[in-house]
Each structure stands twice: as structure tokens, then as C-alpha cells.
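*Asks:* sequence and predicted model, in that order:
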Amino acid sequence: MDNNPYIKENIPSAISDTLSTFNTNDFIKGALIGAMATYLLTNEKAQKAIFKTFAKGSQMLQAGVEEIKERMEDAKAELAANQE
């Protein structure tokens, strides 16, 4: 074993250094995010539900933009009426 040039004497310290920087909370967060991503990428029902939610949200956003445009036009018309 001592004749092998690829085995270094400090391997145990390298392993302990790696384990000392291991963060359990980050590992759990990553595992949960990975599990959710896997579920979403493989479950057709979940994908449909998400796309429906995004579609509804975009419709609501679009309606809100139209309402803002309408209010701007009303404000412009009111200013024009006041200037006359």
C-alpha cells in the first residue's frame, strides 16, 4: 500500500474536511427541491394544474393591464375636458 503513488497520506483529513463543511439543512432543501422538480416533470396531472394556474394568472394580469389602460384614457379625457 505504501508503494502506490496515487494514495496520499492525508486522505482521512480530506474526508473529514469535506464532512465538516456538509450542511444538513442545505442538503434537505436540495433534496426537497429535486423531489418536487422530479414530481412536476413526471406527473401529467400536476403539469396540467400548473399550466391552468399560469393561464388564469396571465388572464388576470391581462385584464388588469386593460383596466389600467382604460383608467389612463379616462384621466386623459378628464384633463382635456378641464383644459377647455
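*Replies:* Ah, there it is. Numbering: from 1, shown residues only.
*Asks:* which SSE is immediately downstream of whatever helix or strand L41 lives in?
*Replies:* Element membership for L41, per DSSP states H and E: helix 24-42. Next in sequence after helix 24-42, counting helices and strands by DSSP H and E, comes helix 44-83.
*Asks:* tell me how far that following helix lies from the chain's centre.
*Replies:* 24 Å (CA atoms, centre = their mean, to the nearest Å).
*Asks:* so which residue is dead centre in the protein?
*Replies:* I33 (9.5 Å; CA atoms, centre = their mean).
*Asks:* quick one: that residue and D26, what's the gap?
*Replies:* From I33 across to D26, the span is 10 Å (CB to CB, to the nearest Å). Bear in mind the C-beta positions are built from the backbone N, C-alpha and C, glycine included.
*Asks:* then A49?
*Replies:* To D26, A49 is 29 Å away according to CB to CB.
*Asks:* and these two? Which one has more around it.
*Replies:* For A49 versus D26, the count of surrounding residues by other CB atoms under 10 Å is larger for A49: 12 against 9.
*Asks:* state the distance from that one to N25.
*Replies:* Relative to N25, and taking CB to CB, A49 is found at 29 Å.
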